[in-house]
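Trainee: Just a sequence and a predicted model for now, questions to come.
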Number of protein chains: 2
Amino acid sequence: MIETGGRRRGRRARADAPAARRPNYRRLSHPFTPQHVFPDEAVARMHDRALWVLETLGVKILLPEARALLKGAGARVEEEAQMVFLGREIVEAAIASAPTRFRLRAADPQAEQMFEPGAMLFAAGSGCPNASDRERGRRAGRLVDFEAAVKLIHGFDVIHVLGPNVEPQDVPIHLRHYAMTKSQLMLAEKPMFVFGRGRRQTEDCFEMIRLGLALTEAEFTGDVWATTIVNTNSPRQIDSPMAEALIDFARAGQLSVVTPFCLAGAMAPVTVAGALVLQHAEALAAITLAQTAKAGAPVAYGGFSSNVDMKSGAPAFGTPAHIQLLIGTGQLARHVGLPWRGATGAASNAPDMQAAGETHMGLWGALMANATLTLHAAGWLEGGLTFGFEKFINDVEALQMLAEICVAPPAADEEAFALDALAEVAPGGHFFAAAHTMARFDQAFYEPLVADLRNFGTWEGGGATPADARATAIWKERLAAYQPPPEGAARGERVAAFIDRRTAEGGAPPSGG
Amino acid sequence: MIETGGRRRGRRARADAPAARRPNYRRLSHPFTPQHVFPDEAVARMHDRALWVLETLGVKILLPEARALLKGAGARVEEEAQMVFLGREIVEAAIASAPTRFRLRAADPQAEQMFEPGAMLFAAGSGCPNASDRERGRRAGRLVDFEAAVKLIHGFDVIHVLGPNVEPQDVPIHLRHYAMTKSQLMLAEKPMFVFGRGRRQTEDCFEMIRLGLALTEAEFTGDVWATTIVNTNSPRQIDSPMAEALIDFARAGQLSVVTPFCLAGAMAPVTVAGALVLQHAEALAAITLAQTAKAGAPVAYGGFSSNVDMKSGAPAFGTPAHIQLLIGTGQLARHVGLPWRGATGAASNAPDMQAAGETHMGLWGALMANATLTLHAAGWLEGGLTFGFEKFINDVEALQMLAEICVAPPAADEEAFALDALAEVAPGGHFFAAAHTMARFDQAFYEPLVADLRNFGTWEGGGATPADARATAIWKERLAAYQPPPEGAARGERVAAFIDRRTAEGGAPPSGG
């Protein structure tokens, strides 16, 4: 007598549909104790070896200004080779001066976040050059695709920050930052993202945020209003735009999320521990540059390490090594006491079981690791080459379920034990109509976004629509019903003249590498 | 500069394909510390309230023999109402006499398992009346489908035990147990499953195992060679076949996995804690019956609790409540000190993102809960109404990745830190050809079973085959290449005459409820 007997019995519909349940997933704390893949002493040794790497092997930093800054802080610099050797006292001072918590500000105060150990923030898939959905297929990213992503994110409070989800390739690169910043100001109210593609672009974006949100210079620099991602060029290299971003964001009091992208076996050693030693060294080098530019500047420790397939060299995500690297990164982040970012991911080319499986594995890895911010948590496909709208909707379901675990821990009082209900319902009976159930049923459980719980016959009779096709209907409905934030238009107007002027001046091409 | 830049750089193929990597997933221990959803004192109170339920509200047990047994042990019995009231001293004595660990024997000694706290065993989806695949569609289960499942399970060492994966409805019910037991004896060598559908069937199956494995009566009863699942009829009811199974398996020294199927909001209270109080009470009642039949008999504590959708009454799986119920079950199992079974599951009607997501959620819940045995871990669809062959293959991928985390924890010695490799590779270079990589690359990472890591263009050019369609090719290849165990035919011959005789005698219909 296997479980399905009970299942059929459960299939009885309620006439009395419950009131809408509106859980709040805006501010989440990790529900689980962080796990370990290394003993504490090994973590301490990895930290020590990373300091040895920085001191002995050094880091190549392509921006002369950055080398000069670090030299001024006591680093040994080989100018011709562009190599910087960071003594451990410089690095340790940087770790000590980096703040352990800070607030991410946003147009909507309800959307603001504390970025601190224990917080659990999700960002949608970012950096995708392409977009894809079942109706329009796969195409080079356009501004309308980026804006669609921002609109969808605006409507799901489990996505906590904005990001460069789709690269709008139909906007010239020297003007793209105006469009992306304006869209964020007008279409959503969550903590904003700014690319670190060179000083002039950064200054433009900061000015647009000041204008759009009507902030004084002091209000802007006194808090984190803009976040950027700084990827090192692993191994052991920081290019000019990245170094510039670290300096400029630090000086403006804005957040650099430092993220070596260490694919074990490719840009990093093939061992998990070796990849983490490199990742840790690179993260600390970047944090040291930011702290040298301005002590106390907000920075996030970060890692986005997975492995490559050793047969093909292809990047893999949601793998055992990815999970181990995430948990190890969490251990190293806690060792230096900083909030940090991780990432899930998917190599799959389609919104299928592989895509869902990879993303779930990485998500749970980030959960086990207590990542402060988990990137690429919704919509990532092809290792980040495509933002998939159907995948986004299905991933949001997963995020909402994890969020539900945070916000609705089970009650453990005598009422929750339901002894009255147990006495009320006869053996072999059911609890649908028990007073205990009636008092709670409309708020009891997570309500699915895209999951279809109908039985096979009903589902088949209704068209046998699988999860990806159901998701198409959902993102389309969401976009059709999208309401811009009331102040969005005003924010757009406040930046219009600036964009016109800067466009007339020729915009701002990205810095060279 | 977002992560995709690195990705493209990683896409470089190796000419030198690595040697086959053959990890061993046969015996696994949980890699993660169990998590908590309740404080310890709440768990103690839930245990106490469950004892109150058994003592005060009682359990309806339909089998007169079972009531007599429990009455003999000191329980109060209301014979006409078929109600049994278990005093806590009887229950506590049963918990004390239940073994905390025992070995699951198998035809292949390599496939034997210790069933004990900390062990991590997986079983494929079980109890499915239907089977489904992309080639033949969805159909009522047949013997050939059950045998296909057994053959596939034989080939994946991450599936640790056999089960009644597909119900062979083309074999009459009074003869079905002969066919299913013979198939298990002939086609695989893992710990075997026997339905608890009545005394005569149980005796037949035990005799077939003794004959097939050439065991003396003492060898058979001295160890666990057969496992059954005992589902209570929640709430608070144990039907006759289940009670008979508990008695018969206990007396023969075989394993009853006691599993209340408490869908919160339907057959159990709508609260997580209330559902667990009921589940705990029912599990303890069943364990008490087994221990009363034979003190020291092997039993597994168990639960398979999830929630129903409160709008439709439909069962849901892989939900936040499912995860919380799993973790709570683990806490209660540890409170009574017994190894236990949990389950993942999927309500999805198709092998799609929903199906993968639900199964991953439940799997990670079982991992967080440290379930000894996780049922329905591969191939379950429609809440158990269908065994899906494509889903099975994709789920095995997930199980293999979890197993990999167990069997390949990252090294943390100086060689793993790869300082030589870090010194060898110049800034901005790559590690593909580093000596450290070359010495390890062929054994470094998990190799995907069904995941496709090719880039989009190659994948699209190769037919744009999604995960479900790739899985079709895999299960077909596996079945085509299937080799029966060398002793399988001999085991089949040893039971042939017995089956003939019993068939001529009319077989054994299941017991009435």
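Mentor: Thanks, I have the structure now. Only a predicted model underlies this, so the values are computations on that prediction, with no experimental measurement involved. Numbers count the residues shown, from 1 in each chain, chains lettered A, B, ... in the order given.

Trainee: pLDDT wise, what is the closest residue to chain B within the stretch 101-250 of chain A at?
Mentor: Here the stretch 101-250 of chain A gets closest to chain B at one residue, A:Gly127, 2.5 Å apart by Cβ to the nearest Cβ. Every C-beta, even on glycine, is put in place using the N, C-alpha and C of the backbone. What the model reports as pLDDT for A:Gly127 is 96.

Trainee: so it sits right up against A:Phe146, yeah?
Mentor: No: using Cβ atoms under 8 Å, A:Gly127 is not in contact with A:Phe146; the gap is 11.4 Å.

Trainee: Now do the residue of the stretch 101-250 of chain A closest to chain B: how many residues are near it, please.
Mentor: Applying other Cβ atoms under 10 Å in any protein chain shown, we find 24 residues neighbouring A:Gly127.

Trainee: So what does it look like in phi/psi?
Mentor: phi 80, psi 20 (degrees, to the nearest 10).

Trainee: so what's in contact with A:Gly127 and A:Phe146 at the same time?
Mentor: A:Pro164, A:Glu167 (Cβ atoms under 8 Å, 6 or more residues apart in numbering or on different chains).

Trainee: Tell me how far the residue sitting nearest the centre point of chain A lies from A:Asp108.
Mentor: Nearest to the geometric centre of chain A sits A:Leu375, at 2.3 Å (Cα atoms, centre = their mean). A:Leu375 sits 21 Å away from A:Asp108, going by Cβ to Cβ, to the nearest Å.

Trainee: contacting residues around A:Val161?
Mentor: For A:Val161, the contact set (Cβ under 8 Å, 6+ apart) comprises A:Leu104, A:Gln113, A:Leu121, A:Ala123, A:Lys190, A:Pro191, A:Phe193, A:Thr227, A:Leu373.

Trainee: 10 Å - rerun?
Mentor: A:104, A:106, A:111, A:113, A:115, A:121-124, A:126, A:153, A:188, A:190-193, A:227, A:257, A:373, A:375 (Cβ atoms under 10 Å, 6 or more residues apart in numbering or on different chains).

Trainee: Also A:Ile229?
Mentor: A:123, A:126-127, A:163-164, A:193-196, A:242, A:245, A:255-259, A:261, A:300, A:302, A:304, A:341, A:375, B:1-3.

Trainee: SS state for it?
Mentor: Secondary structure, DSSP: H, G, I helix; E, B strand; the rest coil: A:Ile229 is strand.

Trainee: okay, and the helix or strand of chain A with the least pLDDT?
Mentor: None of the helices or strands of chain A scores lower by mean pLDDT, DSSP states H and E than helix A:4-10, at a mean of 39.

Trainee: Quick check: next helix or strand after that helix?
Mentor: helix A:40-52 (DSSP states H and E).

Trainee: got the residue ranges for the strands in the stretch 251-400 of chain A?
Mentor: Here the stretch 251-400 of chain A has its strands, by DSSP state E, counting those that start in this stretch, at A:255-260, A:263-264, A:299-302, A:306-308, A:315-316, A:340-343, A:373-375, A:380-381, A:386-388.

Trainee: Which of those has the highest mean neighbour count?
Mentor: Sort the strands of the stretch 251-400 of chain A by mean neighbour count, taking mean count of other Cβ atoms under 10 Å in any protein chain shown, and strand A:380-381 sits at the top with a mean of 34.

Trainee: which helices and strands sit right next to that one?
Mentor: Counting contacts by 3 or more Cβ pairs under 10 Å, 6 or more residues apart in numbering or on different chains; DSSP states H and E, strand A:380-381 is packed against strand A:130-133, helix A:353-369, strand A:386-388, helix A:389-407.

Trainee: Which among these is found nearest to A:Glu505?
Mentor: Between A:Glu505 and the helices and strands packed on strand A:380-381, the tightest spacing by Cβ to Cβ is seen for strand A:130-133, at 30.2 Å.

Trainee: Contact partners for the closest residue to the residue nearest to the centre of chain A other than its chain neighbours?
Mentor: What sits nearest to A:Leu375 in space, not counting adjacent residues and going by Cβ to Cβ, 6 or more residues apart in numbering or on different chains, is A:Ala343, at 4.1 Å. For A:Ala343, the contacting residues are A:123, A:125-126, A:259, A:261, A:302-306, A:317, A:322, A:326, A:329, A:362-363, A:365-366, A:371, A:373-377, A:380, A:384, B:3, by Cβ under 10 Å, 6+ apart.

Trainee: Show the buried residues in the residues you listed.
Mentor: A:123, A:125-126, A:259, A:261, A:302-306, A:317, A:322, A:326, A:329, A:362-363, A:365-366, A:371, A:373-377, A:380, A:384, B:3 (16 or more other Cβ atoms under 10 Å in any protein chain shown).

Trainee: Dump the strands of the stretch 251-400 of chain A into JSON lines; add mean pLDDT as well.
Mentor: Shown next, in JSON lines, are the strands of the stretch 251-400 of chain A (pLDDT from 0 to 100):
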{"stretch": "strand A:255-260", "mean pLDDT": "96"}
{"stretch": "strand A:263-264", "mean pLDDT": "93"}
{"stretch": "strand A:299-302", "mean pLDDT": "96"}
{"stretch": "strand A:306-308", "mean pLDDT": "93"}
{"stretch": "strand A:315-316", "mean pLDDT": "95"}
{"stretch": "strand A:340-343", "mean pLDDT": "97"}
{"stretch": "strand A:373-375", "mean pLDDT": "98"}
{"stretch": "strand A:380-381", "mean pLDDT": "98"}
{"stretch": "strand A:386-388", "mean pLDDT": "98"}
